[in-house]
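*Asks:* model this:
(2 chains)
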Protein chains: 2
Amino acid sequence: MTAIEPSGRQPKQSDVLIIGRWLLSMSGQPDPIEYGAVAIQADRIIETGRADELEKKYQAREVFHLPHHLIMPGLVNAHTHAAMTLFRGLADDLPLMDWLQGYIFPAERKLSDSLVYAGTQLACLEMLLSGTTTFCDMYLFEKSAAQAARDMNMRAVVGEVLYDFPSPNYGPLEAGFRYTEELIQQWQGDSLIYPAVEPHSPYTCSPDLLKKSKELAEKYNVSFIIHLAETRQEVRLIQERYGKNPIQHLASLGVLDHQVLADHCIWLEEQDIELLKERKVRVAHMPESNMKLASGVAPVPRLLDQGITVGLGTDGCASNNNLDLFQEMDMAAKLHKVFTADPTVMGAKTVLEMATIGGARAFGLEDEIGSLEPGKKADIIAVDLNQPHLVPLYNIYSQLVYAARGADVDSVWINGELLVKERRPVKADLERILAQARELKEQVLRFLNQ
Amino acid sequence: MTAIEPSGRQPKQSDVLIIGRWLLSMSGQPDPIEYGAVAIQADRIIETGRADELEKKYQAREVFHLPHHLIMPGLVNAHTHAAMTLFRGLADDLPLMDWLQGYIFPAERKLSDSLVYAGTQLACLEMLLSGTTTFCDMYLFEKSAAQAARDMNMRAVVGEVLYDFPSPNYGPLEAGFRYTEELIQQWQGDSLIYPAVEPHSPYTCSPDLLKKSKELAEKYNVSFIIHLAETRQEVRLIQERYGKNPIQHLASLGVLDHQVLADHCIWLEEQDIELLKERKVRVAHMPESNMKLASGVAPVPRLLDQGITVGLGTDGCASNNNLDLFQEMDMAAKLHKVFTADPTVMGAKTVLEMATIGGARAFGLEDEIGSLEPGKKADIIAVDLNQPHLVPLYNIYSQLVYAARGADVDSVWINGELLVKERRPVKADLERILAQARELKEQVLRFLNQ
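*Replies:* Take a look at the predicted model:
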């Protein structure tokens, strides 16, 4: 049990006390605690520990008794394109270029603030209901994505995608930098939204764009987030263009450091891994997307062996096609076992760390989220263990990674606020969001026929 | 629309009419039908088609209106060890031999009829709630497994595992053949349970055992089901012992023909695939287990190209760790794309076929189950599409394989009988089955300490 302040004799006030059959803090303290509890004051955790002790100690305004449930940190989605929920299943099982040029790019050319807002709302609803409390977004019209996440009470890292071509949102690149700077000024210091600078990739961004992005990220001390070494073609192209591979290319530009969150990192050479480690670069791993697009398998067990921070992400719904991080954990654990021919790699606890504190570290938010600890934000989920596929229970990590799924999440709190109760959204209007997404589908189909 | 008999002017009697927003028959007829319906008489489908037409035509005793749902065939789990639900999460992330010898074998040595009955009940409950209506089981104390499936009203292919060692169930091998013959005599002709002969594998079964098994399967015209070419070690061992690889070994014994359902088939050479095709051998594919145990990746796209029948299975819960075929479909589609570096292989429709009509063919039950067609058994599921992760809907196959999950199954019928309604079992006592499994966990842990 850990507390910010020593316990007094009089019951202390707290706003919320959540009591579960199990508590998994992911804090490095002994885990799990049977009959555990979390005490919350305003938007932060003030204590975690045994339920009987916390019940004596705190006089809470609201107490949640969850008799069959595991209380744990909300999951952290390290990389997605939230509004792409609107393209879920639009085109699958195609060669990459047919998929991009025949469907995704034409649809994206017609995007608008209202579509991105609606698509991000839908994504937030899906993520909330499957236990994700924080996500990192990279997309177009990102002011609307940020607003949608904020309105859905979700925690999000947001950044407008920057590249050398005119954008359907901001137009020419200079306007993109202005847009990004406005986004940062608008949201920096917010209790839920964290702006970032997000150049798309080395193959769509000139060296100049990358350097200016880095300057902007440094000016505001925000993350620099980029797709990196996702496909063999990218590596070949960058090699041809710059005589270096993508990692070396970024290093030579002077942009590769601890501020960088590199998405994918599939095609790495041994010296690249050294470089990522040395520069304290953080990595986001999206196994389902990498599998579905046949991009390849990132050397995640080796990255973890080197102590490199790795978060787990779903990528967008056009290449997944859902945002369920429980399923992503299962896929991550199993993919690397078969790929390395070693059933001991990517153990359940390691994978769960990637999806919680690993993601938090990937955004530099490890002091705020990613585990249940006094002083951290109260981003908490309750998983209903009273179900046939979660019985019997021998090992909580195995159960969460190999047997559970997003639908098992019963309750969700973000910033101490209850957002999902008994698998239903508390504040969001589910039927309205679904109806809106169905209508927008027709609009997307019209885009493709224009 | 297809019907057994031409439609008359008077409304016909039917027992049940199920009306859904979408109907996916998997019958080879145009799919899906928007606002579709299935008419059921006793345990069989009598007609499928447009809801408005079937509503006019049939006077049903019971009508189910499922306004947001997809009606489709129940899924078919081509290979599992149902009672191993009791070992779910007992030991994971271990080298294969540590896992088997340290945990699974010691636990299995103490198995009993009552444990297998309880474990199979739990498995049936999990499978029902995630949309599986038929499964193929291989385990010990299989009379109890058969009884459990029957009592849960599930369709199952069952066979006692046979090997050269004394069995915790039947003792010496001769008794195993007698036990299997009794199992066949007890269940052959049953409306739900289909007995089979199930020698464990070439590396645990002598040539004589395999030949006698084949004779028994021929005597009763039942399936001969065997683990085959699952690991490299197996291939090496069989090569050393018999101078042939496992496929060639079975062929040389004269047991390899259309009656054989071969589980796993990971380590195949080109001539093995030829042989499987020529002999009309059927294959069961269990990607999650193969990944988790790091066994390897079966060449399923090539098997399918050759027109070989492939069903999809979950394997047992000790190596998965759940029985959710929706998740298995997703894993199967994505694994082969990344493994072959080709995003076009294992398309969503192909994978859904594996999990329905493919599994039915794997058991020789394609005239009874696997699609919604007049004359087939009414094994039907309704998937609730009114959920954030299943909206919008562009392509029903993509949605089912890449976005849906077992928890989306709202209703299940087997033999025309409603077994799951609004995600809850109609007949089974969920709380009792869960409580029983929790108690048996303590027993399993005691086994390991003896």
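*Asks:* give me the number of residues near residue A:34?
*Replies:* Using other Cβ atoms under 10 Å in any protein chain shown, the number of residues around residue A:34 comes to 10. Any C-beta I mention is one placed from the backbone N, CA and C, and that applies to glycine too.
*Asks:* Excluding residues flanking it in the chain, which one is nearest it?
*Replies:* What sits nearest to residue A:34 in space, not counting adjacent residues and going by Cβ to Cβ, 6 or more residues apart in numbering or on different chains, is residue A:22, at 6.0 Å.
*Asks:* just checking, the one you found touches residue A:36?
*Replies:* Yes: the pair residue A:22 and residue A:36 qualifies as a contact (Cβ atoms under 8 Å) at a distance of 6.3 Å.
*Asks:* Adjacent strands (with direction) for the lengthiest strand in chain A?
*Replies:* Secondary structure of chain A read by DSSP state E shows that its longest strand is strand A:58-73. Strand A:58-73 sits in its sheet next to strand A:12-23 (parallel), strand A:380-384 (antiparallel), going by DSSP bridges.
*Asks:* And the following helix or strand past the shortest one, what does it pack against?
*Replies:* Right, strand A:380-384. Proceeding N to C from strand A:380-384, the next assigned helix or strand is helix A:396-398, under DSSP states H and E. Using 3 or more Cβ pairs under 8 Å, 6 or more residues apart in numbering or on different chains; DSSP states H and E as the contact criterion, the secondary-structure elements in contact with helix A:396-398 are helix A:348-353.
*Asks:* any bit of the helix it packs on sitting next to chain B?
*Replies:* Yes: using Cβ under 8 Å from any Cβ of the partner chain as the criterion, contacts between helix A:348-353 and chain B involve residue A:348.
*Asks:* Tell me the helices and strands packed up against the helix or strand just after that helix.
*Replies:* Counting by DSSP H and E, the element after helix A:348-353 in chain order, helix or strand, is helix A:359-362. If contacts are counted by 3+ Cβ pairs under 8 Å, 6+ apart, helix A:359-362 sits against strand A:75-80, strand A:132-139, strand A:282-285, strand A:310-312.
*Asks:* Of those strands, which is nearest residue B:395?
*Replies:* Set against residue B:395 and scored by Cβ to Cβ, these come closest in strand A:75-80, at 20.8 Å.
*Asks:* Next, the angle from that closest one to strand A:132-139.
*Replies:* Following axes from the mean of the first three to the mean of the last three Cα atoms, to 10 degrees, one obtains 10 degrees for the angle between strand A:75-80 and strand A:132-139.
*Asks:* which element is residue A:248 on?
*Replies:* Residue A:248 is part of helix A:246-252 when elements are defined by DSSP H and E.
*Asks:* C-terminal to that helix, which secondary structure element comes first?
*Replies:* Secondary structure here is assigned by DSSP H and E; on that basis, the next helix or strand after helix A:246-252 toward the C-terminus is strand A:260-264.
*Asks:* hey, C-alpha coordinates of the helix ranked longest in chain A in CSV?
*Replies:* Counting by DSSP state H, the longest helix found in chain A is helix A:430-449. C-alpha atoms of helix A:430-449 as CSV (Å, rounded to 0.1, in the frame of the first residue of the first chain):
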residue,chain,number,x,y,z
LEU,A,430,-24.4,6.1,-28.4
GLU,A,431,-27.4,6.0,-30.7
ARG,A,432,-26.7,9.4,-32.1
ILE,A,433,-23.0,8.8,-32.7
LEU,A,434,-23.8,5.5,-34.5
ALA,A,435,-26.6,7.1,-36.6
GLN,A,436,-24.3,9.9,-37.6
ALA,A,437,-21.5,7.5,-38.6
ARG,A,438,-24.0,5.5,-40.8
GLU,A,439,-25.0,8.7,-42.6
LEU,A,440,-21.4,9.7,-43.2
LYS,A,441,-20.7,6.3,-44.8
GLU,A,442,-23.0,7.4,-47.7
GLN,A,443,-21.0,10.6,-48.0
VAL,A,444,-17.7,8.6,-48.1
LEU,A,445,-19.0,6.4,-50.8
ARG,A,446,-20.0,9.5,-52.8
PHE,A,447,-16.4,10.8,-52.5
LEU,A,448,-15.1,7.6,-54.1
ASN,A,449,-17.4,7.9,-57.0
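*Asks:* tell me the angle of that helix relative to strand B:58-73?
*Replies:* 70 degrees.
*Asks:* Helix A:430-449: how far from the chain's middle?
*Replies:* Averaging C-alpha coordinates over helix A:430-449 and over its chain gives two centres that are 25 Å apart (Cα atoms, centre = their mean, to the nearest Å).
*Asks:* Excluding sequence neighbours, find me the nearest residue to residue A:154.
*Replies:* Once its chain neighbours are removed from consideration, residue A:154 has its nearest residue in residue A:124; the separation is 4.8 Å (Cβ to Cβ, 6+ apart).
*Asks:* how far away is the one you found from residue A:372?
*Replies:* Residue A:124 sits 22 Å away from residue A:372, going by Cβ to Cβ, to the nearest Å.
*Asks:* returning to what we had before: averaged over its residues, what pLDDT does the longest strand of chain A have?
*Replies:* Strand A:58-73 shows an average pLDDT of 97 in the prediction.
*Asks:* That strand: how far from the chain's middle?
*Replies:* 25 Å.
*Asks:* Over to stretch A:87-95?
*Replies:* When distances are taken as Cα atoms, centre = their mean, stretch A:87-95 is centred 22 Å away from the chain's centroid.
*Asks:* which ones are touching the residue nearest the centre of chain A?
*Replies:* Nearest residue to the geometric centre of chain A (Cα atoms, centre = their mean): residue A:77, 1.6 Å. Residues touching residue A:77, when contacts are defined by Cβ atoms under 8 Å, 6 or more residues apart in numbering or on different chains, comprise A:127, A:132, A:134, A:135, A:136, A:312, A:313, A:314, A:323, A:325, A:359.
*Asks:* Ok, residue A:127 next?
*Replies:* When contacts are counted by Cβ under 8 Å, 6+ apart, residue A:127 touches A:77, A:133, A:135, A:154, A:323, A:325.
*Asks:* for these, which one is nearest chain B?
*Replies:* Using Cβ to the nearest Cβ, residue A:323 is the member of the contacts of residue A:127 that sits closest to chain B, with 6.9 Å.
*Asks:* Isn't the closest one up against residue B:402?
*Replies:* No: here residue A:323 lies out of contact with residue B:402, judged by Cβ under 8 Å, at a distance of 11.8 Å.
*Asks:* quick one on the thing from earlier: what are the bridge partners for the residue nearest to residue A:34, then?
*Replies:* Bridge pairing for residue A:22 (DSSP bridges) gives the partners residue A:34, residue A:70.
*Asks:* ok, it to chain B distance?
*Replies:* Taken as Cβ to the nearest Cβ, to the nearest Å, the spacing of residue A:22 relative to chain B amounts to 14 Å.
*Asks:* Kindly report the same for residue A:306.
*Replies:* Residue A:306 is 20 Å from chain B, by Cβ to the nearest Cβ.
*Asks:* And for residue A:13?
*Replies:* As defined by Cβ to the nearest Cβ, residue A:13 lies at a distance of 36 Å from chain B.
*Asks:* do the same with residue A:382
*Replies:* As judged by Cβ to the nearest Cβ, residue A:382 and chain B stand 16 Å apart.
*Asks:* Near residue A:186, how many residues? Count them for me, please.
*Replies:* Residue A:186 has 14 neighbouring residues, counting by other Cβ under 10 Å.
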